[in-house]
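> Would you be able to build a 3D model of this:
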Amino acid sequence: MNLLIVESPAKSKTIEQYLGKDYKVAASFGHVRDLPQKELGIDTKNNYEPTYIIPAKSKKTITELKSLLKTAKKVYLATDLDREGEAIAWHLVQALKPKIEVSRITFNEISKSALEKALKNPRDISQPLVDAQQARRVLDRLVGYKLSPFLWKKVYSGLSAGRVQSVAVRLVVDREREINNFKSKTYYTIEGLFSKPKDEKNSFKGQLVKVDGKSFNQTESKKEADDLVEILKKSDYEVAAINKDMRSKSPYAPFTTSTLQQEASRKLRFSSKKTMMLAQRLYEGIPLGKGKHTALITYMRTDSVNISDTAQKEAMSVIKKLYGEKYIPDNKRVYQSKSKRAQEAHEAIRPISFMMSPEEVKSSLESDQYRLYKLIFDRALSSQMADAQIETTTVLIDSKKQKKVYTFQSKGSEIKFYGYMKVYEEGRDDESVEEVNAIPKLITKDLLDLLSISGLKHDTQPPARYTEATLVKELEKRDIGRPSTYAPTMSTIIDRGYIKKDGMKLFPQEVALIVTDLLVENFPEIVDFNFTAKMEDQLDEIAEGKLVWQEAIKEFYVPFEKNLAEKNKTVEKSSQVSQETDEVCPDCGEKLFIKLGRFGKFYACGGYPKCKYTKPFLESGSKAEEKQMEKAIEEKCPECKADLVLKEGRFGVFAACSNYPKCKFTKAIIIPSGVKCPNCGKDLVQKRTRKGRTFWGCSSYPKCKTAFWDEPTNEKCSHCGSMMVKKGDELKCSQCEK
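Reported below is the predicted structural model:
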């Protein structure tokens with residue numbers, strides 16, 4: 001019997017179906033060794049030697065694997081094909097100490113042919129790849145374990161710092177400040193609505209672009225815009241020129257880890273973490289049909305855009321069958337990765353078989369698994385299809401009977417051949433809807449009616465806030481992080497309270513601003529974009545055997561340690577973390593301070609730790625909340641008759657017994673919206689999700705599940721009669737968004 005070890009049990013079930021009786025497939029359940037949790041685990045005085053332990057959760061796995069080794073003739077380590085997988089294979093050898101032949105095999109997809117090919121081409125464990133993973137782990141441990149305590153002292157306990165995480169937070173903070181400092185400018189464009197005589201149904205828009213042959217795009221003067229409108233109202237118009245241009249639009253490359261996360265965020269509203277969790281399941285195998293585990297996609301952590309020749313041929317066959325010969329491109333599709341670190345030997349994320357359509361497997365998949373598989377399938381299939389052909393029409397319209405010639409331009413486009421667009425079109429990072437300007441058939445000298453004309457007011461807009469999609473895109477653009485780091489980075493900065501996700505947008509919390517400023521001032525290299533990218537280059541050099549990993553660590557750590565020791569002595573606790581107030585503590589008479597904690601601001605007694613009085617801090621304008629909170633603690637604890645006090649947790653403010661921990665009574669504080677539920681007439685109340693996002697839901701839940709992300713109002717939509725909600729400073733319909 002040969003023992004083949006993979007990382008997950010789901011993967012082992014899928015692989016077992018392809019191998020004969022001579023193989024036993026077992027799972028390591030990820031890493032079997034790691035650095036200790038409660039200590040540094042790095043000997044900084046002895047060449048940065050790491051101390052590895054077998055965590056409690058892995059001890060049973062190691063025992064079972066050792067038992068299987070007793071009857072095995074050979075061991076195949078089939079962990080994932082990235083650096084992490086290479087390190088897991090190395091740790092397995094160190095923990096198991098097998099006395100039989102050990103071979104390392106890798107494959108990009110879990111299929112019979114890929115497994116057979118891998119078993120025919122075993123190799124040794126790559127020590128440079130292992131060293132690159134060790135270097136990353138050691139580096140991140142040194143930054144996290146050394147810098148986090150500094151933040152606990154200077155800000156508050158529970159904070160964390162990280163080489164990639166802190167840079168990601170800085171990007172969001174910098175963008176927020178850019179938005180806050182942005183000064184909008186107003187400008188006007190002149191837009192007319194035209195049609196052929198007696199053909200108002202086929203109207204089209206045109207914008208003023210020239211005045212007497214001189215370029216005109218906009219004016220900052222409202223008076224000039226109004227004067228132009230008055231002049232142009234009295235003019236006649238004719239078609240001066242028509243230009244048609246046919247352009248080809250090529251398909252998008254198949255997904256990499258980064259582009260999959262971006263597109264799943266745009267189109268499916270998935271977080272990076274959720275996308276990768278679902279992709280992992282699709283890669284490892286899903287029970288199809290009679291419970292047979294089948295892998296649906298290739299390896300999901302990749303920065304390559306390549307697709308194998310076999311997969312390309314299969315895609316061509318499917319395209320020809322479904323759409324016809326004309327949808328097959330003249331030449332084989334070859335894509336070039338934008339990442340300088342792309343490992344071209346790998347493949348892009350694609351279906352294992354294009355013969356396995358999303359509709360065929362839909363009944364066996366959960367809804368979100370199906371949606372992600374369809375996204376991957378459609379993107380990969382469309383990447384092998386013919387270009388779309390789009391005809392662009394540009395019409396120039398001149399005024400007549402004026403001292404000057406005023407020229408309008410109208411642009412429209414028409415898809416003449418859909419090509420790959422028959423299957424797929426990429427999502428947009430901005431939420432604006434592209435307006436289609438359908439231009440009717442015209443010829444030069446055609447007379448046109450002016451149906452309306454106006455000076456349109458525009459305000460320049462600040463840069464958009466990051467979403468998970470655009471933040472991942474920015475990290476990749478700056479060469480910060482690797483495919484495997486994007487999802488955990490997004491999760492960490494949100495779960496740690498640095499960033500709040502509202503809808504799709506990312507907002508920095510106050511602590512993010514404080515910590516970022518603290519790090520920029522005192523540890524600039526940690527949050528320097530170029531430094532972080534340079535470290536990625538060094539990790540790649542280690543993986544290629546060009547650099548000894550301890551040398552890279554030493555280059556960073558020696559000056560970092562010296563600087564940290566100095567800053568621990570010289571940096572005072574941030575004044576933004578503790579601000580004195582004029583209020584006094586009702587328990588001991590000491591002054592109250594506004595402090596910043598994990599769940600936001602709160603009042604705390606200056607006599608701490610002798611006096612532990614605290615109360616929630618409410619921003620101005622929260623009168624309804626303040627009233628409800630005062631009411632919530634008027635009564636005694638129903639269980640022990642002690643006073644009730646206000647506490648704050650991850651889900652907001654709540655009432656709790658002052659006799660805690662002896663009495664653990666708590667009750668939620670309901671904040672009414674003053675608006676009735678449109679479906680059942682009960683009150684809509686303010687609530688919070690597990691991740692701290694505010695929403696408004698029906699008080700009769702779960703009988704009525706009506707809920708709104710935006711604050712409800714008693715206003716009704718003039719268009720459809722539905723409830724209006726507050727979106728920023730504007731009112732929008734909750735249904736039609738008019």
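
> Give me the pLDDT for the closest residue to Arg371 other than its chain neighbours.
Nearest residue to Arg371, sequence neighbours excluded (CB to CB, 6 or more residues apart in numbering): Leu268, at 5.5 Å. (Each C-beta comes from the backbone N, C-alpha and C, glycine too.) Each residue has a pLDDT score; the one for Leu268 is 94.

> so how far is Ala656 from Ile669?
The gap separating Ile669 from Ala656 is 11 Å, by CB to CB, to the nearest Å.

> hang on, I meant Lys404
75 Å.

> the more surrounded of these two?
Ala656 (19 against 12; other CB atoms under 10 Å).

> Glu109 contacts Ser353, doesn't it?
No: between Glu109 and Ser353 there is no contact under CB atoms under 8 Å: 9.3 Å.

> Would you mind telling me which of those two has the busier surroundings?
Glu109 (20 against 16).

> can you pull the buried residues of the helix or strand containing Val229?
Element membership of Val229 [criterion: DSSP states H and E] is helix 222-233. Applying a neighbour-count criterion of 16 or more other CB atoms under 10 Å, one finds Ala225, Leu228, Val229, Leu232 buried in helix 222-233.

> which among the residues you listed gets closest to Gly30?
Gly30 lies nearest to Ala225 out of the buried residues of helix 222-233, by CB to CB, at 63.7 Å.

> Specify the local secondary structure of the residue lying closest to that closest one once chain neighbours are set aside.
Distances taken as CB to CB, 6+ apart place Gly455 nearest to Ala225, at 3.3 Å, with adjacent residues excluded. Following DSSP: H, G, I helix; E, B strand; the rest coil, Gly455 is assigned to strand.

> What is the neighbour count of Gly455?
Gly455 has 22 neighbours, counted by other CB under 10 Å.

> Contact partners for it?
Residues in contact with Gly455 (CB atoms under 8 Å, 6 or more residues apart in numbering) are Tyr188, Thr189, Ile190, Lys222, Ala225, Asp226, Leu228, Val229.

> again with Val239
Val395, Leu396, Ile397, Leu442, Ile443, Thr444, Lys445, Asp446, Leu448.

> about what we covered before: which residues does the residue nearest to Ala225 bridge with?
Ile190 (DSSP bridges).

> which stretches of the stretch 201-350 of the chain form helices?
In the stretch 201-350 of the chain, the segments counted as helices under DSSP state H, counting those that start in this stretch are 222-233, 257-268, 272-284, 309-323.

> Quick check, central residue of the protein?
Centroid check for the chain by CA atoms, centre = their mean gives Glu468 as the closest residue, at 2.3 Å.

> residues contacting it?
By CB under 8 Å, 6+ apart, the neighbours of Glu468 are Gln261, Ser265, Ser271, Ser272, Met490, Lys501, Met504, Leu506.

> What of Lys13?
Residues near Lys13 by CB under 8 Å, 6+ apart: Val25, Gly285, His293.

> Under the pLDDT cut-off, which ranges of the stretch 401-550 of the chain? List them.
Along the stretch 401-550 of the chain, the parts satisfying pLDDT under 70 run over 429-435.

> where does the stretch 251-400 of the chain dip in pLDDT?
338-345.

> Now do the strands in it.
Listed in chain order, the strands of the stretch 251-400 of the chain (DSSP state E, counting those that start in this stretch) span 286-288, 292-294, 388-400.

> got it, and the stretch 451-600 of the chain?
Under DSSP E, counting those that start in this stretch, the stretch 451-600 of the chain gives strands at 499-502, 505-508, 578-584, 591-597, 600-605.

> Rebuild these as JSON lines, extending it with distance to Thr460 and mean neighbour count.
Output for these, formatted as JSON lines (distance: least, CB to CB, whole Å; neighbours: other CB atoms under 10 Å):
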{"stretch": "strand 499-502", "distance to Thr460": "24", "mean neighbour count": "18"}
{"stretch": "strand 505-508", "distance to Thr460": "19", "mean neighbour count": "20"}
{"stretch": "strand 578-584", "distance to Thr460": "36", "mean neighbour count": "11"}
{"stretch": "strand 591-597", "distance to Thr460": "34", "mean neighbour count": "18"}
{"stretch": "strand 600-605", "distance to Thr460": "33", "mean neighbour count": "19"}
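
> Now those in TSV, please, with extra columns for distance to Val209.
Shown next, in TSV, are the strands of the stretch 451-600 of the chain (distance: least, CB to CB, whole Å):
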stretch	distance to Val209
strand 499-502	39
strand 505-508	34
strand 578-584	55
strand 591-597	53
strand 600-605	51
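
> So which of these is nearest Glu325?
Nearest to Glu325, of all the strands of the stretch 451-600 of the chain, is strand 505-508, at 44.9 Å by CB to CB.

> Tell me which other helices or strands the lengthiest helix in the chain touches.
With secondary structure taken from DSSP state H, the chain has its longest helix at helix 127-154. In terms of contacts (3 or more CB pairs under 8 Å, 6 or more residues apart in numbering; DSSP states H and E), helix 127-154 is packed against strand 42-43, strand 49-50, helix 83-96, helix 510-522, helix 529-543, helix 549-570.
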